[in-house]
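In: one predicted model, sequence on top.
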Amino acid sequence: MKEKTAKRLMRTLDRKRALNLCFRQSLKVSDNKLIRKCTAVLLKEKDNG
């Protein structure tokens with residue numbers, strides 16, 4: 001998954017679903033930078049409720 005695609009996904013309305021998709025895709029290609037980024041955003045989202 002391209003970085004640009006991930007950014008576009010994260011701008012979508014359904015952020016949670018987009019992030020989960022982003023996370024799964026990054027695991028599939030084992031893109032560690034993207035995995036960390038998605039994880040960080042997911043954790044931040046979780047904190048915000």
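Out: Here it is on my side, so go on. Residues are numbered from 1 along each chain as shown.
In: can we go C-alpha only for contacts and neighbour counts from here?
Out: Noted.
In: in the protein, where is pLDDT below threshold?
Out: Judged by pLDDT under 70, the chain has its weakly predicted residues at 1-3, 5-14, 31, 45-46, 48-49.
In: where exactly do the helices run in it?
Out: Applying DSSP state H to the chain gives helices spanning 3-10, 15-28, 32-47.
In: just want the angle from the second one to helix 32-47.
Out: Same thing as helix 15-28. Relative orientation of helix 15-28 versus helix 32-47 (axes from the mean of the first three to the mean of the last three C-alpha atoms, to 10 degrees): 150 degrees.
In: buried set for helix 15-28?
Out: 16, 18, 19, 21, 22, 23, 25, 26 (16 or more other C-alpha atoms under 10 Å).
In: for the fifth one, give its distance to residue 47.
Out: In this view, residue 22 and residue 47 are 19 Å apart by C-alpha to C-alpha, to the nearest Å.
In: likewise for the last one?
Out: With distances taken as C-alpha to C-alpha, residue 26 is found 22 Å from residue 47.
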